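**Student:** Just a sequence and a predicted model for now, questions to come.
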Amino acid sequence: MEHLGKPENRDFQQRAHELPASRAAEKQIPGSLKLVKVIQMRSIRPLPLVPKFVKGVIDFRGKTIPVVDLRIALGLKPRDYTAETLVAVVDAVTVPGTVRMGLVLDAIFGLEETKLSHSIE
């Protein structure tokens, strides 16, 4: 993948077009992220001595999970968090095992809620 340049000189929209399409990413790393739930931003407890893109930890269903800001991880200009800021809780499949984490997102496109259409008897 080619280097995208200095983050302060590039606009998010311009950079987004340079990132691999989701279909290409699926082929490169199949099944590496599984969406668990999309939640609204909540209070993040900061952690010392972690990279800047690791914003801290939150409580999710009684478990403490790390929260990663994708804008910072991708070298983009950070944004302030608002009531509309979303966190995608995902299970990331890694070589040692599965890690649950939150990913701070600007927006989500094409997400549909599904319901079971049959009951268990």
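**Tutor:** Cool, the structure landed. Residues are numbered from 1 along each chain as shown.
**Student:** just for the protein, where's the confidence low?
**Tutor:** Along the chain, segments meeting pLDDT under 70 span 1-31, 111-121.
**Student:** Which residue ranges of it form strands?
**Tutor:** Taking DSSP state E as the test, the strands found in the chain are 33-40, 54-60, 63-69, 86-93, 98-105.
**Student:** would CSV of those with distance to residue 79 be doable?
**Tutor:** Yep, even glycine has a C-beta here, placed from its N, CA and C like the rest. Listed next are these as CSV, based on distance: least, CB to CB, whole Å:
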stretch, distance to residue 79
strand 33-40, 15
strand 54-60, 12
strand 63-69, 9
strand 86-93, 12
strand 98-105, 9
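**Student:** could you dump the ones you listed to JSON lines with mean neighbour count?
**Tutor:** As requested, those are exported to JSON lines (neighbours: other CB atoms under 10 Å):
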{"stretch": "strand 33-40", "mean neighbour count": "13"}
{"stretch": "strand 54-60", "mean neighbour count": "18"}
{"stretch": "strand 63-69", "mean neighbour count": "17"}
{"stretch": "strand 86-93", "mean neighbour count": "18"}
{"stretch": "strand 98-105", "mean neighbour count": "18"}
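**Student:** Minimum distance to residue 78: which of the ones you listed has it?
**Tutor:** Residue 78 lies closest, by CB to CB, to one member of the strands of the chain: strand 63-69, at 6.5 Å.
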